[in-house]
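# Sequence and predicted structure are below.
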Amino acid sequence: MSTKTALEYLLENGCNEGDITLRFRDLLRYLQKFITFQKIAQSVKIDMNLLKKAVIDYFVDIVRIKKFHNIQQTRTEKIYGYTTYWLLKRKPIQVTNEFGDCHFINEKFVAAYLLSGMFSEKGITCKKSINKAALDEYIILLTYNLKYRQVTQQSLELMIKAFYSGCDFSC
């Protein structure tokens, strides 16, 4: 991006600084809830600079996509796909004291964030889950792929769309 900063690029291309701040705060809240739920607050910290980079990188991708395809709105699966990709890439949770499975804590967070968002979009709750065994298998497969496979924004978007389609066909 030559001498221009990513933030300058975003602002010059119609991105609202308030949207960036809101996304940062929302993700920070999700991270804090996850850390509290996992009871790992004494063993990790959130690197705010890495989280900021993830948010900025997400918006840069989305602005470029909107310009290239001449679109105004971004589909939900693209939002989640690109957000999770950059969270995986930047790894904002930093381990300060090792604990079991600490090497994959960012992947575990991303899986939880992604599943929460996808379930919310489709109105799925634990009580409403039709086939718990299939859902558990999906969660294991998702987490495994986030840990050990190369993922892209587009592959995550496709996976989310496939999940949504499966929900639409079975509901």
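Received, thanks.
# hey, where'd the strands end up in this structure?
According to DSSP state E, the chain carries its strands in the segments 44-46, 93-95.
# ok, now how distant is the residue nearest the centre of the chain from residue 161?
Residue closest to the mean C-alpha point of the chain, counted by CA atoms, centre = their mean, is residue 84 at 2.5 Å. The gap separating residue 84 from residue 161 is 14 Å, by CB to CB, to the nearest Å. Any C-beta I mention is one placed from the backbone N, CA and C, and that applies to glycine too.
# How about residue 35?
Look at residue 35 and residue 161: by CB to CB, they are 29 Å apart.
# Looking at the two, which one has more neighbours?
Remark: of residue 35 and residue 161, residue 35 carries more neighbours, 19 against 16, as counted by other CB atoms under 10 Å.
# pLDDT score for the closest residue in space to the more buried one that isn't next to it in sequence?
Nearest non-adjacent residue to residue 35, counting by CB to CB, 6 or more residues apart in numbering: residue 41, 5.3 Å away. Residue 41 is assigned a pLDDT of 96 by the prediction.
# So residue 41 versus residue 96, what's the distance?
In terms of CB to CB, residue 41 sits 10 Å off from residue 96.
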